[in-house]
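Undergrad: sequence first, then the predicted structure:
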Amino acid sequence: AQKITQTQPGMFVQEKEAVTLDCTYDTSDPSYGLFWYKQPSSGEMIFLIYQGSYDQQNATEGRYSLNFQKARKSANLVISASQLGDSAMYFCAMRGLIQGAQKLVFGQGTRLTINP
Amino acid sequence: DAGVTQSPTHLIKTRGQQVTLRCSPKSGHDTVSWYQQALGQGPQFIFQYYEEEERQRGNFPDRFSGHQFPNYSSELNVNALLLGDSALYLCASSYLLEQFFGPGTRLTVL
């Protein structure tokens, strides 16, 4: 079974500061992928960044980076230079990469609020 | 290139009724997954369709059923609605690894 834990229900950050959203995971799959999604109040899940379990380097996408520590089973999202538009729910998710095992397992989410 | 689309946007039903939600995948995507997101929770996987067959199913009762058409679009059907079925229903389409989500259908059961 796979499990995602996000321990921060809410985070408040000043605009332009960096923020780290925590995510730990548990899985018995030897090969897996980790995802972060942003969900604004409109409801749509917006893909931010992906990290494969065998990737040697941490993933980066613009202002987003994923701090992947495989031994600790953590996959924290780092947002640099936060903006007011970053205020939203953020979900960490994972899926096994065995053929057919395509479902995403999500955490409870973290509500990020960026203050001006 | 249109992304994933879902209809309707909002829906209000009463207990015991049946509902059908629709999803059109992103162009080039052949796999559709459905998720239920209760208020304040993360999405929960309902099932996934590929080549018009249910490939994987989450822990949801048989009241939840689906269909995928030859053009890869999909429907989610829920019978005998319960108050607890009130949620945001998200459709995601994929080709290989990455899943793209639609805007969701917000279902309210009274």
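TA: Perfect, I can see it now. Numbering: from 1, shown residues only, chains lettered A, B, ... in the order given.
Undergrad: before we move on, what SS does A:Y25 have?
TA: Assigned by DSSP: H, G, I helix; E, B strand; the rest coil, the conformation of A:Y25 is strand.
Undergrad: for stretch A:46-55, which outside residues touch it?
TA: Stretch A:46-55 is contacted from outside by A:30-40, A:58-61, A:64-66, A:68, A:70, A:75, A:77, A:90, A:97, B:97-101, using C-beta atoms under 8 Å, 6 or more residues apart in numbering or on different chains. The way it works is simple: take the backbone N, C-alpha and C, and place the C-beta from them, glycine included.
Undergrad: let's see which of those end up in strands.
TA: Under the assignment DSSP state E, the contacts of stretch A:46-55 contribute A:32-39, A:60-61, A:64-66, A:68, A:75, A:77, A:90, B:99-101 to strands.
Undergrad: can you map out the helices along chain A?
TA: In order along the chain, chain A carries no helices (DSSP state H).
Undergrad: point out where chain B drops to low pLDDT.
TA: For chain B, applying pLDDT under 70 flags the ranges B:1.
Undergrad: up against chain A, what does it have?
TA: Proximity of chain B to chain A (C-beta under 8 Å from any C-beta of the partner chain) is limited to residues B:31, B:33, B:35, B:41-45, B:48, B:55-56, B:58, B:88, B:90, B:92, B:94, B:97-104, B:106.
Undergrad: narrow these to just the buried residues.
TA: By neighbour count, with 16 or more other C-beta atoms under 10 Å in any protein chain shown, those hold B:31, B:33, B:35, B:42-45, B:48, B:55, B:58, B:88, B:90, B:92, B:94, B:99-104, B:106 as buried.
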